[in-house]
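[1] Requesting a structural model of the entry that follows:
(2 chains)
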Amino acid sequence: MEGVVGNIGVIGAGIGAGLAAIGAGMGIGRLTASAVESIARQPEASGDIRGAMILMAAFIEGVALFGEVVCLLAVFQ
Amino acid sequence: MSIRKTLLITVLPFLLGSFVFGQHADEHKKFNASETIIHHVLDSHDWHLTDWPGEDGHSTSIAIHLPWFFYNSETGFEFYGSTHSLQESGKYVSYHEKPYMLKAGASIPADYHGHGDLDENLLNKDVTIIDLSPTKTVVHMFLMALLVFFIFRAVAKGYTKNKGKAPSGIQSFFEPIILFVRDDIAKDYLGDKAARFTPYLLSLFFFIWFSNVFGLMPFSSNIMGNIGVTAALATLTFIIVQVNGTKDYWQHIFAMPGVPVAILPLMTVIEIISLFVKPVALMIRLFANISAGHFMVLSLICLMFILGEAGHNVTGALSIMPLSIAFGIAIFSLEVIVAIIQAYIFTLLTAVFLGDAMTSHDDHH
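    Residues are numbered from 1 along each chain as shown, chains lettered A, B, ... in the order given. Modelled structure (predicted):
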């Protein structure tokens, strides 16, 4: 029984890691799309937009990494 | 140096490592990829360099033994030169890289050398032992600190020597990076208080960057892939931000102006949580990024050993080798970029939090 539960934990960790990656991918995708569009509309503001984009990408990525770390803990207990 | 040469030098250690690794096959052990990866990523009390293949199929491990230094709640501080001398003492045993006291009358099995499985009944877990050993990560952290110190002493000397003249030597390599941190991170987010915090931001940036790049080199340990190291850096940032917080900053945490009294308790709770989430996010971000990179590269290289059944199936290993090496190089190159991006993000967020804590919010209301 213990072995079965262990295996389910690993499956859950795999699914969780995938979901976290999907979330981060969507977030960073939307962020980058808007940022690139803004740069195209107003190229002279590209420096500021890029700075804001990297900062926000770091925050999104941070949330995704929280998820990944939880999944890692689930695998290695 | 051309790009091709650089790539070759990057890949060679892996090829060499795999050659030595292949000799394990004679022991007819099943290859355990996750164990190998974890062993490479985790901290240890031996700086394990490589295994040297022996005559009879048993490989000799080549390692630099690091000392054990710990506090025992009953006997006080204890010091041993290496894992071997620790276990020779007959009192202690190294289990999962932690020192444990042996139970009275118990002895270490002859085939146990500080790694692998051990009967936990042998361990006396009532004695509290606080491990203070300079492990692999600690030693490498000191090496990096010394490297940063000597490089930047040379850079600083360059500024007194070439006063009013163009920079020369190592100084000209680091000047644009230093200026980038000062102008694009410190001055942008801290304004007129930038000069006070630029030294801290520069130290953070270069220590994290050097450690990350060093961690990618063969025979080194991944310093920033150790959560203790990133926790210490995040704690430093946390303390500096709180110490420099203005009255306004604290007011916005405990009593947000302009918020109805009914919502105020909720706001205060959220603000206090966010106070601690910020450094935790800093810690996790750096740790997880660097660990993930190491896991990726090692997994790709391990594919060869999984399909090659640790040397028994040469065709399997050869079939995956091109893919493994190509993807390995791609991820490795990405990691070189991630090394500097993560240093940048850690420094940037530190500056953002600091700037947030120090600005007066009067103009908002």
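
[2] Would you enumerate the residues in contact with B:Lys136?
    B:Lys136 makes contacts with B:Asp43, B:Ser44, B:His45, B:Asp46, B:Trp47, B:Leu66, B:Ser221, as judged by Cβ atoms under 8 Å, 6 or more residues apart in numbering or on different chains. All C-beta spots, glycine's among them, are computed from the backbone N, C-alpha and C.

[3] Run through the bridge partners of the fourth one.
    If I follow you right, that is B:Asp46. B:Asp46 has the following beta-bridge partners by DSSP bridges: B:His65.

[4] Quick check: it touching B:Ala63?
    Yes: using Cβ atoms under 8 Å, B:Asp46 is in contact with B:Ala63, at 4.3 Å.

[5] closest to B:Phe276 among the contacts of B:Lys136?
    Nearest to B:Phe276, judged by Cβ to Cβ, of the contacts of B:Lys136 is B:Asp43 at 25.4 Å.

[6] The closest one belongs to a helix?
    No: assigned with DSSP: H, G, I helix; E, B strand; the rest coil, B:Asp43 falls outside any helix and is coil.

[7] quick revisit: neighbour count for the contacts of B:Lys136 - can I get that in JSON lines?
    Listed next are those as JSON lines, based on neighbours: other Cβ atoms under 10 Å in any protein chain shown:
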{"residue": "B:Asp43", "neighbour count": "18"}
{"residue": "B:Ser44", "neighbour count": "19"}
{"residue": "B:His45", "neighbour count": "24"}
{"residue": "B:Asp46", "neighbour count": "19"}
{"residue": "B:Trp47", "neighbour count": "17"}
{"residue": "B:Leu66", "neighbour count": "19"}
{"residue": "B:Ser221", "neighbour count": "24"}
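
[8] Need the phi and psi values for B:Gly169.
    When read as degrees, to the nearest 10, the backbone of B:Gly169 gives phi 60, psi -140.

[9] Show me the helices in the stretch 51-200 of chain B, by range?
    B:83-88, B:136-161, B:170-180, B:188-190, B:194-216 (DSSP state H, counting those that start in this stretch).

[10] now those helices in JSON lines, with mean pLDDT?
    What follows is the helices of the stretch 51-200 of chain B, written out as JSON lines (pLDDT from 0 to 100):
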{"stretch": "helix B:83-88", "mean pLDDT": "81"}
{"stretch": "helix B:136-161", "mean pLDDT": "92"}
{"stretch": "helix B:170-180", "mean pLDDT": "91"}
{"stretch": "helix B:188-190", "mean pLDDT": "88"}
{"stretch": "helix B:194-216", "mean pLDDT": "93"}
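
[11] now for the ones you listed, which one comes closest to B:Cys302?
    When the helices of the stretch 51-200 of chain B are ranked by proximity to B:Cys302 (Cβ to Cβ), helix B:194-216 comes first, at 16.9 Å.

[12] does A:Ala35 sit in a helix or strand, and which one?
    helix A:2-41 (DSSP states H and E).

[13] on contacts alone, who are the packing partners of that helix?
    Judged by 3 or more Cβ pairs under 8 Å, 6 or more residues apart in numbering or on different chains; DSSP states H and E, helix A:2-41 is in contact with helix A:46-76.

[14] What's the local residue count around the residue in chain A that chain B sits nearest to?
    As assessed by Cβ to the nearest Cβ, chain B sits closest to A:Leu65 within chain A, at 4.0 Å. A:Leu65 is flanked by 21 other residues according to other Cβ atoms under 10 Å in any protein chain shown.

[15] That one is in contact with B:Ala288, isn't it?
    Yes: under the criterion of Cβ under 8 Å, A:Leu65 makes contact with B:Ala288 at 4.0 Å.

[16] Now list whatever residues contact both of those two.
    Counting by Cβ under 8 Å, 6+ apart, nothing touches both A:Leu65 and B:Ala288.

[17] And the pLDDT for B:Gly311?
    We have a pLDDT of 67 for B:Gly311.

[18] And B:Ala63, by the same measure?
    81.

[19] tally of neighbours for it?
    17.

[20] Which residues are in contact with the most centrally placed residue in chain A?
    Of all residues in chain A, the one closest to the mean position by Cα atoms, centre = their mean is A:Ala24, 2.5 Å from it. Shown in contact with A:Ala24 (Cβ under 8 Å, 6+ apart): A:Ile60, A:Glu61, A:Val63, A:Ala64.

[21] Spell out for me the PyMOL command that would select the buried members of those residues.
    Buried members of the contacts of A:Ala24, defined by 16 or more other Cβ atoms under 10 Å in any protein chain shown, are picked up in PyMOL with:
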select buried, chain A and resi 60+61+64
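
[22] Now pLDDT too, for the contacts of A:Ala24, in a markdown table please.
    Shown next, in a markdown table, are the contacts of A:Ala24 (pLDDT from 0 to 100):
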| residue | pLDDT |
| --- | --- |
| A:Ile60 | 88 |
| A:Glu61 | 84 |
| A:Val63 | 85 |
| A:Ala64 | 87 |
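
[23] nearest to B:Met267, of the contacts of A:Ala24?
    A:Val63 (21.3 Å).

[24] Identify the residues contacting that closest one.
    Residues counted as contacts of A:Val63 (Cβ under 8 Å, 6+ apart) are A:Gly23, A:Ala24.
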